[in-house]
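>>> Model the structure of this input:
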Amino acid sequence: MSAANVQKLCESTRDKLKVVIDKMEVFLNEHALPQLVVEGDEETVQFYQGFLSDLRHLLVFSEMSYEKLGVALRRATFDESFAQKALYNVYHYGVNNFFYPKNESYSEDGRYAYTGQDAIRFRKKPVRPARDIILEITKTYEDLRDDLIYYENDYLTEKRMQNQV
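As a prediction, the model looks like this:
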């Protein structure tokens, strides 16, 4: 991939990250565990604890990636290698953590991806604001996944080949 294409991809990725970061920050600033737990059984409390933990981790990974992409774009001379590593990290830590959250409060069901229905399935029926935040940011993370899928395989293969030469 040419340096100009990598730079454009960094710019578009950074813009997309900014959108999801803003949405997650608003949600996390306005919602805490007591506001999400409508019924107080232990299973529900654990569900929302895991949900909030995953969302906070996703926010941190997204913010770190946003900053690294900003560094790559602000440098006087565009460092393609640094930018590619930053894009790989967006995919590896951000996109993967969105679609495969540690606490598995939701997951992607690919069977629904082409039916026009939401592909995200929750382990437990969430309250409306929790459902809405995930569905609001899903499209952006799907776009990021499509844009950065190259970095999951080809980037690592390229790096391994460079180390063997």
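>>> residue boundaries of the helices in this structure?
3-30, 33-36, 42-74, 80-89, 96-99, 128-148, 150-164 (DSSP state H).
>>> Flag the shaky bits of the chain, pLDDT-wise.
1, 110-117, 153-157, 159-161, 163-165 (pLDDT under 70).
>>> again, only this time at 50
Applying pLDDT under 50 to the chain picks out residues 165.
>>> Relative to Ile120, which of the helices of the chain is closest?
Set against Ile120 and scored by Cβ to Cβ, the helices of the chain come closest in helix 128-148, at 5.6 Å. Every C-beta, even on glycine, is put in place using the N, C-alpha and C of the backbone.
>>> Flag every buried residue along the closest one.
Under the neighbour-count criterion of 16 or more other Cβ atoms under 10 Å, helix 128-148 has 130, 133-134, 137-138, 140-142, 144-145, 147-148 buried.
>>> any idea of the angle that helix forms with helix 3-30?
Relative orientation of helix 128-148 and helix 3-30, computed by axes from the mean of the first three to the mean of the last three Cα atoms, to 10 degrees: 170 degrees.
>>> Kindly reformat the helices of the chain as a markdown table containing distance to Glu108.
Below are the helices of the chain laid out as a markdown table (distance: least, Cβ to Cβ, whole Å):
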| stretch | distance to Glu108 |
| --- | --- |
| helix 3-30 | 16 |
| helix 33-36 | 21 |
| helix 42-74 | 13 |
| helix 80-89 | 21 |
| helix 96-99 | 5 |
| helix 128-148 | 8 |
| helix 150-164 | 15 |
